[in-house]
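>>> Here is a sequence together with a model predicted from it:
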Amino acid sequence: MGEDRRVAEHPILEDLREPDTYILYDGKRIPAITGEPVAAALLAAGVRIMRHTTKTGQPRGIFCGIGRCNDCKMIVDGVPGVRTCVTPVREGMVVETQEGLGEWRDLV
Amino acid sequence: MSKQILEGPGIPSAERRAKGPVACIECFQQIPCNPCEEACPRGAITVGDEITSLPHLDAEKCNGCGLCMTRCPGLAIFTVDESCAGDRARVSFPYEYVPLPEKGQEIACTDREGRFVTEGTVYQVRTSKAFDHTAIVTVEIPKEYSMEVRFIRRPGTEAGEDRGEVDSGE
Amino acid sequence: MRKVQLLIVGAGPAGLSAGIEAARAGVQVTIIDENLRPGGQLFKQIHKFFGSRVHNAGVRGFRIGEKLLQDTKDLGVEVLLGYPVYGIFPGGEVVYGTADGAHQMKAEKIILATGANENNLYFEGSTLPGVMTAGAAQTMINLHHVLPGKRVIMVGSGNVGLIVSYQLLQAGAKVEAVVEAAPSIGGYGVHAGKLKRAGVPFYLSHTVRRAMGSTEVEAVELVELDHFKPVPGTEKIIEADTVCMAVGLTPMTELASLCGCELVESRGLGGLVPAHDHNMCTTNPDVYIAGDISGVEEASTAMEEGRLAGTAAAESLGYISEAEAAEKKAEIHRRLDLLRSGQFGAKRAEAKAEIEKSFAQMQRGGEVG
């Protein structure tokens, strides 16, 4: 964590944006862009481990990036099993590394 | 490093290259594609109705303006000018990276395989809205390398990052 | 239940083109897509396309996407986003939905433009974070402007592997290697040329043996292949934090199966595809297909197939006469033939002809039975 992987300059792309909000990742505040996938905000902050598998606790991260493979599931705002690659960022979203199937919890 | 002899309907002769700027169309596979034909205001490039035909260059009509370079989706067109003074030549190539090299910059020039060939000088960097983010970079190099140099070591990449001798299996 | 004349599943290049074509003929069109943004993979294509003027050659893919979206808007085509379609029942009853619940609609005609899934490879460490499909990397860099890693190994040298490698360089990553199991590069020489000039090494007759790292990719072990068999003693380790897999695509035929469309194996175009005729009609006469679901090709072909399916659907709904449709379809086929020619395209043309042959056999079989 800590390094910024956002593309700051690009020969073709014209609409590079800067973070305008934040999400909470395992209790830490990380910068994010409203509407970008949660997985992109995490990746930009150098976070690549989204969950650990149920039986053997192996790490998993972004694999398909388009909501097919389910590898990037995390607990988002208390809901486990959320595909972070297709879930848009909202300000202050609470995102947690998912252990196994994760647990539902009330965020109050 | 062995000198490659290029042959094809898009490659101008040594005599023509000596006369001044001319395109060098390094397109050797039958890809369905013909924007180069339309790009040329002088009608120097012909692909024809069979758009998989290789582009044919009429080197006498071509004045090396380079308009075709930024239209080629394969970035496979270069221009070569061997008419410069002092045994120098200018080679232009399409460039789609940031940062752009700067005019006057001394720069390592590389071949089609990314291998170092010679030091050169950035003679010109052309950009235009019409090029849609494909810049044209021109380097000035010793004339003997005009048909070898096709790129530069990109500013921002480390020296030695070019491939050198790597087992490519080829 | 809500009724629509033509429902198109998939708002990628094929689906949008189909919708535009049918709407121009006067058909009331609804396009539905599970993604929150329309355009499919088109907005990730930041390179200039091949083809001729009629195919928008020399224009970057995302600009073609912008044009398609503008056209759908101008024509008043309804585009429903964020809705996966998960059921199609006899009589054209379609079920779709998301967190807001399940919805139903009834469609007179359906065009399936669902695209394709990326294939993957299995090797030791292939589940480590940092191993991903080439499409995932392309999505991250070109749509979200975030680098998946700084030092990338690309597995596969087809056009997808070559193009995504180039785009990784453009986004500021270093491509440590393009690895190809075959003894020669799979994609266009000009795409490979861009990478070679930039100093990217190609490892032909090589594959990835394992991705190494305790919790994320830290290095990759390659091994040389002799006729696709690993050669002992040729292993080499390259430091890298990301492995991208560009090892082909498989048509997404689930909904076609639900519609009762018969499938046929097309080895050259990615596997099982719905059998279809020259105008993209499947063995279910109310269901058409277009784009990668009908055999994996590329975006320009997908758009032409979409226009073909859109025209055929408009004709079957009575919005254009047989003669007018025939003329339009012939024109589209001329453009398709151009894209399916040459040393790369001819094989795809043959594979397509095989599929049409199978379709004809099925139709004859059906009549006899």
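In hand now; what should we look at? Numbering: from 1, shown residues only, chains lettered A, B, ... in the order given.
>>> now the helices: where do they sit in the chain?
No chain specified, so I'll use chain A. With DSSP state H, the ranges of helices along chain A come out as A:38-44.
>>> wait, I meant chain C there
Using DSSP H, helices in chain C cover C:13-24, C:61-74, C:134-138, C:159-171, C:189-197, C:254-258, C:299-316, C:322-339, C:342-368.
>>> Among the ones you listed, which comes closest to B:Ala59?
Nearest to B:Ala59, of all those, is helix C:189-197, at 20.7 Å by C-beta to C-beta. Glycine gets a C-beta too; all of them are placed from N, C-alpha and C.
>>> what about that closest one, near chain B?
Yes: if you take C-beta under 8 Å from any C-beta of the partner chain as the test, helix C:189-197 does meet chain B, through C:Gly189, C:Val190, C:His191, C:Gly193, C:Lys194, C:Lys196, C:Arg197.
>>> Adding distance to chain A, write the helices of chain C out as JSON lines.
Below are these laid out as JSON lines (distance: least, C-beta to the nearest C-beta, whole Å):
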{"stretch": "helix C:13-24", "distance to chain A": "15"}
{"stretch": "helix C:61-74", "distance to chain A": "9"}
{"stretch": "helix C:134-138", "distance to chain A": "3"}
{"stretch": "helix C:159-171", "distance to chain A": "5"}
{"stretch": "helix C:189-197", "distance to chain A": "12"}
{"stretch": "helix C:254-258", "distance to chain A": "12"}
{"stretch": "helix C:299-316", "distance to chain A": "16"}
{"stretch": "helix C:322-339", "distance to chain A": "24"}
{"stretch": "helix C:342-368", "distance to chain A": "24"}
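>>> Buried deepest among those, which one?
Comparing the helices of chain C by mean neighbour count (mean count of other C-beta atoms under 10 Å in any protein chain shown), helix C:13-24 ranks first with a mean of 30.
>>> Just list what that helix packs against, helices and strands only.
With contacts defined as 3 or more C-beta pairs under 8 Å, 6 or more residues apart in numbering or on different chains; DSSP states H and E, helix C:13-24 has these neighbours: strand C:2-9, strand C:29-33, helix C:61-74, helix C:299-316.
>>> So for C:Gly345, which of these sits nearest?
Closest among these, using C-beta to C-beta: helix C:299-316, at 8.8 Å.
>>> Flag every residue of chain A that's near chain C.
A:5-13, A:16-17, A:36-37, A:40, A:43-44, A:48-50, A:58-68, A:71, A:85-86, A:88.
>>> What separation do you get for C:Asp286 and chain A?
27 Å (C-beta to the nearest C-beta, to the nearest Å).
>>> So in terms of bridging, what pairs with the residue lying closest to that residue once chain neighbours are set aside?
Among residues not flanking C:Asp286 along the chain, C:Lys109 sits closest, at 5.4 Å (C-beta to C-beta, 6 or more residues apart in numbering or on different chains). Beta-bridge partners recorded for C:Lys109 (DSSP bridges): C:Leu6.
>>> Same question for C:Val131.
With DSSP bridges applied, C:Val131 shows beta-bridge pairing to C:Val243.
>>> My guess is it contacts C:Ala240. True?
No: with contact defined as C-beta atoms under 8 Å, C:Val131 does not count as touching C:Ala240 (10.2 Å).
>>> between those two, who's got more neighbours?
Counted by other C-beta atoms under 10 Å in any protein chain shown, C:Val131 and C:Ala240 do not tie: C:Val131 has more neighbours, with 28 against 25.
>>> where does the chain dip in pLDDT?
Because you didn't say which chain, this covers chain A. Applying pLDDT under 70 to chain A flags the ranges A:1-3, A:107-108.
>>> could you do chain B instead?
Checking chain B against pLDDT under 70 turns up B:1-5, B:158-170.
>>> Check it and tell me which residue is nearest its centre.
B:Phe78 (2.2 Å; C-alpha atoms, centre = their mean).
>>> rewinding a little: need the residues touching each of C:Val131 and C:Ala240.
Contact with both C:Val131 and C:Ala240 is made by residues C:Val217, according to C-beta atoms under 8 Å, 6 or more residues apart in numbering or on different chains.
>>> mind listing what C:Arg53 touches?
Neighbours of C:Arg53 in contact, by C-beta under 8 Å, 6+ apart: B:Pro35, B:Glu38.
>>> Repeat the analysis, applying 7 Å as the threshold.
B:Glu38 (C-beta atoms under 7 Å, 6 or more residues apart in numbering or on different chains).
>>> From chain A, how far out is it?
22 Å.
>>> Ok, C:Leu75 next?
C:Leu75 is 25 Å from chain A, by C-beta to the nearest C-beta.
>>> From what I see, that residue and C:Ile20 are in contact.
Yes: counting by C-beta atoms under 7 Å, C:Ile20 is a contact partner of C:Leu75 at 6.2 Å.
>>> re the thing from before, could you write me a ChimeraX select line covering just the buried ones among the residues of chain A next to chain C?
Selecting only the buried entries of the residues of chain A next to chain C in ChimeraX, with 16 or more other C-beta atoms under 10 Å in any protein chain shown as the criterion:
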select /A:5,6,7,10,11,12,13,36,37,40,43,44,48,49,50,59,60,61,62,63,64,65,66,67,68,71,85,86
